[in-house]
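Colleague: I'll drop the sequence and a predicted model, then ask my questions.
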Amino acid sequence: MFKEIIKICLNPFILIYFKIKLNHFIHINKNFNRFLVLDIDNTLANTWKYLKTKNKKKISYSEIPLLVKTIEHIKKKYSNLPIVYISHRNILNYYETDIWIQKNIINKNNFLILVSKPGDKLFYLNSILQTHRVIYYDDLSYNHENGKVLFYEKMIEEIKKMDIVYYDYDFIKKLNS
Ligand SMILES: [Mg+2]
């Protein structure tokens, strides 16, 4: 409850804050023509299985096991590109999430954005697309813990209309199976 209230009050400020930081990150990487945009949960990290086995109080976002094959794939193909991580997590988990990223480094040239709703990812993707091409890995799925995988279908539709290279749930699942 407390976390939810913080989230609602802070969200507009957080969005502006990350947008300014992202503009800066884009600017300092203007010599690259492509950016890598990565989701974390169930794309790079085996999150739902981890959360399922853990007592809520013992969850640490810095400890989530990797989806090794996704990371290997990215390292092989795109390891030199600047990375923007965009994850749908509570802002209070920013620090632990960043520890996870720095522990499982793909490229030191990275920047982390957290969004309070998945749809906000489109806002940042569009910002990057103004100046750069985008390679994007994101499962865009949820509800694994209840045995039936659901998808953020509207978002997926939007992304498919965008001029980006998109690696989706099926691709990530196949890689890691
Ligand atoms: Mg995900």
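Modeller: That came through, no problem. Numbers count the residues shown, from 1 in each chain.
Colleague: any idea of the mean pLDDT in the strand or helix carrying residue 22?
Modeller: Element membership for residue 22 (DSSP states H and E) is helix 2-28. Throughout helix 2-28, pLDDT has a mean value of 88.
Colleague: For the residue nearest to residue 103 when sequence neighbours are not counted, list the residues it contacts.
Modeller: Of all residues beyond its chain neighbours, the one nearest residue 103 is residue 62 (6.9 Å), with distances taken as CB to CB, 6 or more residues apart in numbering. Every residue, glycine included, has its C-beta placed from N, CA and C. Going by CB atoms under 8 Å, 6 or more residues apart in numbering, residue 62 touches 96-97, 99-100, 103.
Colleague: Output these as TSV; include the columns distance to residue 34.
Modeller: What follows is those, written out as TSV (distance: CB to CB, whole Å):
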residue	distance to residue 34
96	29
97	24
99	27
100	24
103	25
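Colleague: Could I get the residues you listed in TSV, plus columns for neighbour count, pLDDT and secondary structure?
Modeller: TSV is the format used below for the contacts of residue 62 (neighbours: other CB atoms under 10 Å; pLDDT from 0 to 100; DSSP: H, G, I helix; E, B strand; the rest coil):
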residue	neighbour count	pLDDT	secondary structure
96	16	95	helix
97	22	97	helix
99	14	96	helix
100	22	97	helix
103	10	94	helix
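Colleague: ok, now which ones touch the residue positioned nearest the centre of the chain?
Modeller: Centroid-nearest residue in the chain, with CA atoms, centre = their mean: residue 39, separated by 2.2 Å. Neighbour list for residue 39: 85-88, 121, 137-140 [criterion: CB under 8 Å, 6+ apart].
Colleague: Kind regards, and thank you for your time.
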